[in-house]
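K.L.:
Got a predicted structure plus its sequence, pasted below:
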Amino acid sequence: MLAVNLQERIARVRYRIYNYPRISNTTDISRLAVTVHIEAQNMSFIYQKVNELLEKQETFALATIVDYKGSVPRRLAKMIVTKELKTYGTIGGGCVEGQVAEEAALMLREGQKGIVIKTYDLVEEEAGGVGMNCGGKIDVAIEVVEPEPRLIIAGSGHIAYAIAKLAQMLGFEIIVIDAMAKKEKFPEARLVISDFVETSMPTVHASENSYIVIVTRHKDDMPALKAALKTRASYIGLIGSKRRVLQAFQILLKEGVTPQQLERINAPVGLDIGAETPDEIALSIMAEITQRRRLGSNKAAEPKKVKSESIHALSRESETPKQSVT
């Protein structure tokens, strides 16, 4: 989505320099070349900031001028807008930039997705514009950019391996943390940290777009849970029997963890599908994570099968004799 090759973009802009209809002499070309160089630097900054925000698992909006007519302050420009109305880059300043930022931040706060394209008339408000006197128009694409969902797997055993394989198929960015973890065992993972979970979890950005699954050895459950509860992850899952889970919860309560904090933990982890093998357990876990991601925490997963009442109703309807029309 954002993998735009900067060199290609610069090349297209340079093409515009030498094919720009208003250029009549080398002085104009030199001036425009300086402008393009500045624009290229600005674009480089924007893409660096995009990567930085994605690494932090932040959702943001990217405003891009995609077309223009007449006199406008900027023709090739991008601007990043956060939910808090913080901006990086510029699309020309003035009232139009403020209006685009407001609309982008509103999209983020309302949880909108995708791209909208809006036209802004750069004329005074009395003439139906945004309060500028440039006289031209710009079309701005406002795109909500979401990072890939991040799955943090604490543990490196058979179940962790199966989870990583399935999570890759579902489009998750995968991070594995375990003192025994080996990169060659988890080729699907973007990052494998061979260290203790309690030490390394704080170094990994775990935002609301992150999901943590704890499939560690029994002795590592408590440190992993404590570290996970300090993150902003929208999902924390712990493998184990109900007896093992309740024992862990009892210890945490005695150490000052509140019941509200414990309610964040999905344990025993996974949907009950009768799973037994590591692959089946991984399926039950990723099904629960997908449910949380798509439906939220307040809606349970249910079979999509047509209910028997509907089938019987159809049967009765088909058995009803049809009256002939004379």
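P.N.:
Received the coordinates, thanks.
K.L.:
Need the distance between the two termini of stretch 249-264.
P.N.:
12 Å (C-alpha to C-alpha, to the nearest Å).
K.L.:
any idea of the mean pLDDT for that stretch?
P.N.:
In this model, stretch 249-264 has a mean pLDDT of 95.
K.L.:
buried residues in it?
P.N.:
249, 252, 257, 262, 264 (16 or more other C-beta atoms under 10 Å). Where C-beta positions appear, they are placed from N, C-alpha and C, glycine not excepted.
K.L.:
Quick check: the last one touching residue 229?
P.N.:
So the one you mean is residue 264. Yes. In this structure, residue 264 is within contact of residue 229 by C-beta atoms under 8 Å, at 6.7 Å.
K.L.:
shared neighbours of those two, anything?
P.N.:
Both residue 264 and residue 229 are in contact with residue 236, where contact means C-beta atoms under 8 Å, 6 or more residues apart in numbering.
K.L.:
so what's residue 291 closest to, chain neighbours aside?
P.N.:
Nearest residue to residue 291 in three dimensions, chain neighbours excluded: residue 301, at 4.6 Å (C-beta to C-beta, 6 or more residues apart in numbering).
K.L.:
circling back: list just the nearest of the buried residues of stretch 249-264 to residue 78.
P.N.:
Nearest to residue 78 among the buried residues of stretch 249-264 is residue 264, at 36.9 Å by C-beta to C-beta.
K.L.:
and residue 143, how many neighbours?
P.N.:
19 (other C-beta atoms under 10 Å).
K.L.:
Phi, psi for it please.
P.N.:
Main-chain dihedrals, residue 143, degrees, to the nearest 10: phi -110, psi 130.
K.L.:
do the same with the one 10 residues further on
P.N.:
With angles defined as degrees, to the nearest 10, residue 153 sits at phi -100, psi 120.
K.L.:
Just confirm it contacts residue 168, I think it does.
P.N.:
No. Using C-beta under 8 Å, residue 153 is not in contact with residue 168; the gap is 11.5 Å.
K.L.:
Those two: which is more packed in?
P.N.:
residue 153 (29 against 17).
K.L.:
check contacts around that one.
P.N.:
Counting by C-beta under 8 Å, 6+ apart, residue 153 touches 160, 163, 164, 167, 174, 175, 176, 177, 189, 213, 215.
K.L.:
try 10 Å this time
P.N.:
By C-beta atoms under 10 Å, 6 or more residues apart in numbering, the residues touching residue 153 are 159-161, 163-164, 167, 172, 174-178, 181, 186, 189, 192, 197, 211-216, 285.
K.L.:
Of the buried residues of stretch 249-264, just say which sits nearest to residue 82.
P.N.:
For these, the nearest to residue 82 is residue 264 (25.2 Å; C-beta to C-beta).
K.L.:
excluding its backbone neighbours, what's nearest that closest one?
P.N.:
Spatial nearest neighbour of residue 264, excluding adjacent residues (C-beta to C-beta, 6+ apart): residue 236 at 5.5 Å.
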